[in-house]
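Undergrad: what's the 3D shape of this:
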Amino acid sequence: MSFWIENARVVSGDGSAPLPRAAVRVQGDRIATVTSTPNDDEPTRVDAGGRVLMPGFVDAHTHALWAGDRLDEFEQLQRGRSYVDILAAGGGILSTVRAVRAASEEELVERLSARLAVLLREGTTTVEVKSGYGLDTTTELKMLRAIRKAAERSRVTVVPTALLGHALDPDVPNLVDRVLSETLPAVHAEFPGIAVDAFCERGAWSLASCRALLEHAAALGHPVRLHADQFTALGGLELAIELGARSVDHLEASSPDALARLARSRTAGVVLPASAFHLDGSYANARALLDAGGRLVLASNCNPGSSPTSSMPFVIALGVRKLGLSIGEAIAAATAKAADVLGLSDRGRIAPGMRADLILLRHTDERALAYELGGNPVELVVAGGHLVRSDPLPPRGSE
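TA: As a prediction, the model looks like this:
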């Protein structure tokens, strides 16, 4: 398929100045041309009418595959109970683990497929989806297979991650040893090269356990990532730097000195402001990381417990309001920089040769992404060169 999108305000994810009036030609699944003078012979055209055309969002950190809900725990949070206390009492992640274990693989596929449809309508054309609600080999593999199957049914590019170090199940003795000796080898055999992740936090995996898992995974050729410093700084940020992790994610409890060390490393910092909004208002110091020259990524952390949203426009609005980012910095962190963390150099920017993942906003000024709260500003999505129209939303339950 070949077509032009013309009369657009083109905002690329690479931080370059917007093009006030430009045309983009899509040919197949690639951007063929960016110009001010489109070819009049091309039969299919979309008139942007001066509205913003930008790369599709790349959401580099989600837990978008789950079963059940956490509405009772939400009420507990509103009454002042902390997320860590709920986790320590067997709720939180563990309650979702029980629901995921009870769900069939096809049920998980259907749940994720429905969420991917919502993501696409909201402008997310590439998304990372983690396992981690299994805590045993059988369920972790079931989740990863469900992610793979849902990806095959969607226009969204789905990048799976094996979150093998998540919570600690008190009913599974020697869990860490079993993950190292059983789960990691099984995942490696069926999903070679998949990124492996862990959650270093009080009540979750210890620093020593995270080190053991990620070192073993890296030795097998897996890229590694790490959740760290969400509530307490236990040394996870430093571990991620030492191991050359693709990213260290959360960083709400990271000190300015730690963020300066991160900025000097090869590891990107992924910040998740919707979690701070939902839980306790403790936002990561993204400004310090950027000012020190670090690589910053914004992501939704979509999950049923600490970040019940998939809206990247909302994340961008939080990034500008709460993290001190400019709109250009926030867009780059949600597109090109996020693609780099996922190892995808062919998207997140509007340039010839890039993958044709594009969104057309109803706004004529990109600053409206941060100004507006709520709602969906995306009028048109192009995913891999395919025009995605405004089809009806799938029904959504209480989850």
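Undergrad: show me what contacts L184?
TA: L164, V196, L213, H216, A217, L220 (CB atoms under 8 Å, 6 or more residues apart in numbering). In short, each C-beta sits where N, CA and C put it, glycine included.
Undergrad: Can you tell me which of those is closest to R347?
TA: V196 (22.9 Å; CB to CB).
Undergrad: check contacts around the closest one.
TA: Taking CB under 8 Å, 6+ apart, we find V196 in contact with 161-164, 184, 187, 213-214, 217, 222-225.
Undergrad: Bridged to it, which residues?
TA: A162, V224 (DSSP bridges).
Undergrad: One more: R355?
TA: Beta-bridge pairing for R355 (DSSP bridges): R30.
Undergrad: That one: how many residues sit nearby?
TA: Using other CB atoms under 10 Å, R355 has 25 other residues around it.
Undergrad: 39 is where my numbering starts, stick with that
TA: That works, and once the first residue is 39, the last one we named lands at R393.
Undergrad: Test my guess that it contacts R385.
TA: Yes. Between R393 and R385 a contact is recorded at 4.3 Å, counting by CB atoms under 8 Å.
Undergrad: Which member of the contacts of V234 is positioned nearest A296?
TA: Ranked by distance to A296 (CB to CB), these are led by R263 at 17.1 Å.
Undergrad: now the closest one: how far from R139?
TA: 24 Å (CB to CB, to the nearest Å).
Undergrad: now do R359
TA: For R359, the distance to R139 - CB to CB - is 38 Å.
Undergrad: How about D384?
TA: For D384, the distance to R139 - CB to CB - is 37 Å.
Undergrad: same check, this time on S151
TA: Using CB to CB, one gets 20 Å for the distance from S151 to R139.
Undergrad: Provide the secondary structure category for T163.
TA: Judged by DSSP: H, G, I helix; E, B strand; the rest coil, the three-state class of T163 is strand.
Undergrad: Burial check on it, number of neighbours?
TA: 27.
Undergrad: what sits against it?
TA: By CB under 8 Å, 6+ apart, the contact list for T163 reads 93-96, 193-195, 385, 395-397, 419, 421-422.
Undergrad: likewise T164?
TA: Applying CB under 8 Å, 6+ apart to T164 gives the contacts 94-97, 194-197, 376-377, 380, 382, 385-386, 395.
Undergrad: mind checking pLDDT for it?
TA: T164 is assigned 98 on the pLDDT scale.
Undergrad: For it, give the beta-bridge partners.
TA: V96, T195.
Undergrad: Could you check how far it is from G118?
TA: 37 Å.
Undergrad: next helix or strand past the helix or strand of the chain with the lowest mean pLDDT?
TA: Lowest by mean pLDDT, DSSP states H and E among the helices and strands of the chain is helix 121-126, with a mean of 74. Next along the chain after helix 121-126, taking DSSP states H and E as the criterion, comes helix 131-140.
Undergrad: What are the buried residues along that following helix?
TA: I131, L132, S133, T134, V135, A137, V138, R139 (16 or more other CB atoms under 10 Å).
Undergrad: Just send those back as CSV, with distance to R216 and pLDDT too.
TA: Below are the buried residues of helix 131-140 laid out as CSV (distance: CB to CB, whole Å; pLDDT from 0 to 100):
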residue, distance to R216, pLDDT
I131, 17, 84
L132, 16, 88
S133, 21, 88
T134, 20, 93
V135, 15, 93
A137, 21, 95
V138, 18, 96
R139, 15, 96
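Undergrad: out of these, who's nearest D295?
TA: For these, the nearest to D295 is I131 (30.0 Å; CB to CB).
Undergrad: List the contacts of the closest one.
TA: Contacts of I131 by CB under 8 Å, 6+ apart are L125, G170, Y171, H204, A205, A242, G343.
Undergrad: Would you mind measuring from the fifth one to L125?
TA: Computed with CB to CB, the distance linking A205 and L125 is 7 Å.
Undergrad: go on, the third one?
TA: Y171 is 13 Å from L125, where distance means CB to CB.
Undergrad: Same drill for those two, tell me which one is more crowded.
TA: Y171 (30 against 22).
Undergrad: Next, the contact list for the nearest residue to the more buried one once chain neighbours are set aside, please.
TA: Leaving out its chain neighbours, the residue that sits closest to Y171 by CB to CB, 6 or more residues apart in numbering is V138, at 4.1 Å. Counting by CB under 8 Å, 6+ apart, V138 makes contact with L103, W104, A105, G106, L146, Y171, G172, T177, M181.
Undergrad: still on that earlier bit, Serialize the buried residues of helix 131-140 to JSON lines and add fields for distance to G366.
TA: Converted to JSON lines, the buried residues of helix 131-140 look like this (distance: CB to CB, whole Å):
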{"residue": "I131", "distance to G366": "35"}
{"residue": "L132", "distance to G366": "41"}
{"residue": "S133", "distance to G366": "40"}
{"residue": "T134", "distance to G366": "36"}
{"residue": "V135", "distance to G366": "40"}
{"residue": "A137", "distance to G366": "40"}
{"residue": "V138", "distance to G366": "39"}
{"residue": "R139", "distance to G366": "44"}
